[in-house]
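> Compute the structure for the input listed below.
(one chain, ligands or ions: 1)
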Amino acid sequence: MSKVLVIGAGGVGSVAVHKMAMNADIFSHITLASRTKSKCDAIAASVKDRTGVVIDTAALDADDVAATTALIKAVQPALVVNLALPYQDLNIMDACLAAGVNYMDTANYEPRDEAKFEYSWQWAYQDRLRDAGLMALLGSGFDPGVTSVFATWTKKHLLDRIDTLDILDCNGGDTGLPFATNFNPEINLREVTAPSRHWENGQWIEGPALAHKQVFDFDQVGEKNMYLMYHEELESLAKFYPEIKRIRFWMTFGDSYLKHLEVLENVGMTRIDPVRFQGQEIIPIQFLKALLPEPASLGPLTKGKTNIGTIATGVKDGAARTVYVNNVCDHEEAYAETGNQAVSYTTGVPAMIGAALMLTGQWKGEGVFNMEQLDPDPFMDMLNKHGLPWKVRDLDAPLAF
Ligand code: NDP
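Have a look, this model is predicted:
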């Protein structure tokens, strides 16, 4: 029985809090804090309707370390779950250190003024957290998160050595809107417009954004174009699995999304530097975010499925083997259960699971941890029990590309 403080009342925060309330034996008391308190209150009302559980809500600007520390001290949680934006990661980690409480998130730190995310800033907390006897778990979403757990479970049970790893992220969902992003638009657009990067033979290979396309036939979705991209878990996978010769990440995009993205980029709307407009400075991508639909509003509109998994090649008992581990999640079923579409659902459920494993002491340690460092078995079990069942199958041959 443990208290938890969740920060961030977006789509992911909403799913995580609903799922925590459904597991009241682990999460004895939930407080949800975010910049806009009305969003916390709307989630609290939905949680009460769906589960009967009453949660507390609070207004919080998590960029303010002192205010965050004060709220943590007032709530006295066993764990702070950061589901705000990557910009807040370091501030919330500082507040957790000041208040002496464990920390967890789903996305690694990214400075506002540079479209660059990497773990180094958060790994730098290792000594301070360890000396304080605290644990920080980084990236307990789907990707990053479940994809690293899939790889770790593959290494533990299916392959003696992994040679190559491909992460395939397909969102076969359709909102019926010409252009919408399925998680925070600013973070999403910064991610997809960055140069592609993959790990090969001990070094990073860079290429232009969204330039390398392959077609893949996804179970329960069908054939989709997927594009080579850089993604957060590549960094931790390359660090913790030096044996893997090549690690790549692929994400599907529809032609309409890419057409809109190209135009928005060409006219400068995805820029992250300030521009003077009518006497004031605006950042184009933030203005664009204000125009685009909020991811949390896409729930009732989205139909179709997501299919995310890992394909690993390697050796088992001396023989070559290729294994595919994946989850398929239905947008409409996710919406029926928590009022949020599958992209929020596939992130919020692993956030709940990571938090549950920390609170129950099944995952414990002192310092900063990535998903690859912890036993994948209890996490894989909980995925099956809490709405994200996975399948594993042998493929006849490695990917042909
Ligand atoms: P949303 O934009 O829907 O929600 C973010 C929430 O954080 C909003 O409620 C926002 O408040 C709040 N927030 C923003 N800044 C602050 C602040 N300074 N203080 C307090 N609250 C703040 O995003 P999502 O729910 O889609 O995503 C949440 C996180 O999950 C992001 O970090 C995202 O990168 C990550 N993610 C991870 C994935 C994974 O698989 N690992 C996949 C998808 C997302 P307000 O409403 O007032 O703006």
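> Name the helix or strand for Lys259, please.
Using DSSP states H and E, Lys259 maps to helix 255-266.
> can you pull the buried residues of that helix?
Neighbour-count burial for helix 255-266 flags Tyr257, Leu261, Leu264 (criterion: 16 or more other Cβ atoms under 10 Å). All C-beta atoms are positioned from the backbone trio N, CA, C, and that covers glycine.
> need the helix or strand of the protein with the lowest average pLDDT.
Comparing every helix and strand of the chain by mean pLDDT, DSSP states H and E singles out helix 185-192 as the least confident one, with a mean of 86.
> What is that helix packed up against?
Where contact means 3 or more Cβ pairs under 8 Å, 6 or more residues apart in numbering; DSSP states H and E, helix 185-192 is packed against helix 255-266, helix 284-291.
> switch the cut-off to 7 Å
Under the contact criterion of 3 or more Cβ pairs under 7 Å, 6 or more residues apart in numbering; DSSP states H and E, the helices and strands touching helix 185-192 comprise helix 284-291.
> From the contact counts, what lies against the helix it packs on?
Helices and strands touching helix 284-291, as assessed by 3+ Cβ pairs under 7 Å, 6+ apart, comprise helix 185-192.
> Just want the angle from the helix it packs on to helix 284-291.
For helix 185-192 and helix 284-291, the angle between their directions (axes from the mean of the first three to the mean of the last three Cα atoms, to 10 degrees) works out to 130 degrees.
> How about residues contacting helix 185-192?
By Cβ atoms under 7 Å, 6 or more residues apart in numbering, the residues outside helix 185-192 that reach it are 85-86, 115, 181, 209-210, 229, 261, 270, 272, 285-286, 288-289, 292.
> Tell me how far whichever helix or strand comes after the least confident helix or strand of the chain lies from the chain's centre.
Note on helix 185-192: by DSSP H and E, the next helix or strand toward the C-terminus is strand 196-200. Going by Cα atoms, centre = their mean, to the nearest Å, the spacing between the C-alpha centre of strand 196-200 and its chain's C-alpha centre is 19 Å.
> Same check on stretch 183-194?
Averaging C-alpha coordinates over stretch 183-194 and over its chain gives two centres that are 13 Å apart (Cα atoms, centre = their mean).
> With stretch 82-93 instead?
Averaging C-alpha positions (Cα atoms, centre = their mean) puts stretch 82-93 13 Å from its chain's average.
> Mind listing what's buried along that stretch?
Of the residues in stretch 82-93, those buried by neighbour count under the rule 16+ other Cβ under 10 Å are Asn82, Leu83, Ala84, Leu85, Pro86, Tyr87, Gln88, Asp89, Leu90, Asn91, Ile92, Met93.
> Taking helix 255-266 as reference, get the angle to the least confident helix or strand of the chain.
Orientation of helix 185-192 against helix 255-266 (the same axes, to 10 degrees) gives an angle of 90 degrees.
> Would you mind listing the buried residues in helix 185-192?
Buried residues in helix 185-192, defined by neighbour count with 16+ other Cβ under 10 Å: Pro185, Glu186, Ile187, Asn188, Leu189, Arg190, Glu191, Val192.
> With distance to Leu301 as extra columns, can I get those in TSV?
What follows is the buried residues of helix 185-192, written out as TSV (distance: Cβ to Cβ, whole Å):
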residue	distance to Leu301
Pro185	15
Glu186	20
Ile187	20
Asn188	17
Leu189	20
Arg190	24
Glu191	22
Val192	21
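> Output stretch 326-333 as PDB - backbone C-alpha positions only.
Below are the C-alpha coordinates for stretch 326-333, written out as PDB (Å, rounded to 0.1, in the frame of the first residue of the first chain):
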ATOM      1  CA  ASN A 326       5.000  -7.500 -30.200                       C
ATOM      2  CA  ASN A 327       1.800  -6.000 -28.800                       C
ATOM      3  CA  VAL A 328      -1.300  -5.000 -30.700                       C
ATOM      4  CA  CYS A 329      -3.600  -2.400 -29.000                       C
ATOM      5  CA  ASP A 330      -7.000  -1.300 -30.300                       C
ATOM      6  CA  HIS A 331      -7.700   2.500 -30.100                       C
ATOM      7  CA  GLU A 332     -11.500   2.100 -29.500                       C
ATOM      8  CA  GLU A 333     -11.000  -0.500 -26.800                       C
END
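> rewinding a little: what subset of the contacts of helix 185-192 is buried?
So, of the contacts of helix 185-192, 85-86, 115, 181, 209-210, 229, 261, 270, 272, 285, 288-289, 292 end up buried under the neighbour-count rule (16+ other Cβ under 10 Å).
> of those, list those near the ligand.
Under the cut-off given by Cβ under 6 Å from any ligand atom, the ligand has Leu85, Pro86 from the buried ones among the contacts of helix 185-192 close to it.
> wait, which of the buried ones among the contacts of helix 185-192 is closest to Leu165?
Sorting the buried ones among the contacts of helix 185-192 by how near they are to Leu165, with Cβ to Cβ, puts Met229 at the top with 14.5 Å.
> Quick check: the gap between the closest one and the ligand.
Between Met229 and the ligand the computed distance is 13 Å (Cβ to the nearest ligand atom, to the nearest Å).
> can you check Leu177 too?
As defined by Cβ to the nearest ligand atom, Leu177 lies at a distance of 16 Å from the ligand.
> element containing that residue, please.
For Leu177, there is no host helix or strand (DSSP H and E).
> Which residues of the stretch 201-350 of the chain lie near the ligand?
With the criterion set to Cβ under 6 Å from any ligand atom, the stretch 201-350 of the chain comes near the ligand through Pro295, Ala296, Ser344, Thr347.
> residue in the protein nearest to the ligand?
The minimum distance from the chain to the ligand, using Cβ to the nearest ligand atom, falls at Gly10 (1.8 Å).
> For the closest residue to that residue other than its chain neighbours, give me phi and psi.
If you skip the residues right next to it in sequence, Gly10 has Ala296 as its closest partner in space, 5.8 Å away by Cβ to Cβ, 6 or more residues apart in numbering. Dihedral pair for Ala296: phi -60, psi -20, per degrees, to the nearest 10.
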